[in-house]
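Novice: Predicted model follows, preceded by the sequence.
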Amino acid sequence: CSKIFLFHLGDEFGASNLPAVYDNCNYVFRTFCSNKYFNHEKIKCIPLGYKSGLVKNEISERKYKWVFTGTPHKSSRQDLLFQFSDIKPFFCHKTKKFDEKIISVNKMSEVLSSTQFVPCPSGFFHPETYRLYEALQCECIPIVENAYKYYDRLFPDNPFIKIDKWIEAKPVISGWDSDQIKKKRHECINWWTEYKKKLQDFIKNKVTS
């Protein structure tokens, strides 16, 4: 091969000894970024993405104020559910184990397409989770835990609602009017559309240059 490009998916824990592999590549695209990769000259941080088959349904009314699906295994997630429990209507589907099947992708598409806000708590080990990209793909407004300013470094100038504690998001979900919600949704839709196009162009240019 004249050039080697690596798409390294997974590696949430970052425990592997990677220089021996990365040094043999012309360029690396990887998920689950950490400090040592943000500004690396031959590594590009890319989003986790969303489940295959997830699509935005054409639903006229977004009946749910917020949604949570997954395992409430951390204190942050327990706090999220406590803080938002009186903001109705909402959709909540809890599982007992991380790898337990949640709901079908069709049902998830339907629920997210009917939801205004998607709280995106940090993952078990890494701040990033699939929820963010599922929310963006279905044109919801993501609310992220911005631990260590992670999302500001991964996506500078992003339009997400960023919080340190879930109680900070409560007046947003319960109190924003339709114009505020519409404006923020359009900001997120436009940003995500532009980001995907720029990422595609970046990868194409790297591979073909």
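Specialist: Cool, the structure landed. Numbering: from 1, shown residues only.
Novice: pLDDT score assigned to the residue positioned nearest the centre of the chain?
Specialist: For the chain, the residue lying nearest the average C-alpha position, counting by CA atoms, centre = their mean, turns out to be residue 132 (2.0 Å). Per-residue pLDDT puts residue 132 at 97.
Novice: same deal with residue 1?
Specialist: Predicted confidence (pLDDT) for residue 1: 67.
Novice: what are the pairing partners of whichever helix or strand residue 91 is part of, and which direction each?
Specialist: Here residue 91, judged by DSSP states H and E, is contained in strand 90-94. Strand pairing for strand 90-94, using DSSP bridges, gives strand 64-70 (parallel).
Novice: need the next SSE after the partner strand, C-terminal direction.
Specialist: helix 75-84.
Novice: what angle do that next one and strand 64-70 make?
Specialist: With axes from the mean of the first three to the mean of the last three CA atoms, to 10 degrees as the basis, helix 75-84 and strand 64-70 are set at 150 degrees to each other.
Novice: which secondary structure elements does the helix-or-strand element of the chain with minimal mean pLDDT contact?
Specialist: Ranked by mean pLDDT, DSSP states H and E, the weakest helix or strand in the chain is helix 35-38, scoring a mean of 86. Judged by 3 or more CB pairs under 8 Å, 6 or more residues apart in numbering; DSSP states H and E, helix 35-38 is in contact with strand 43-45. Placement of C-beta: from N, CA and C, glycine included.
Novice: which residues touch the strand holding residue 91?
Specialist: 64-72, 81, 84, 102-103, 111, 114-115 (CB atoms under 8 Å, 6 or more residues apart in numbering).
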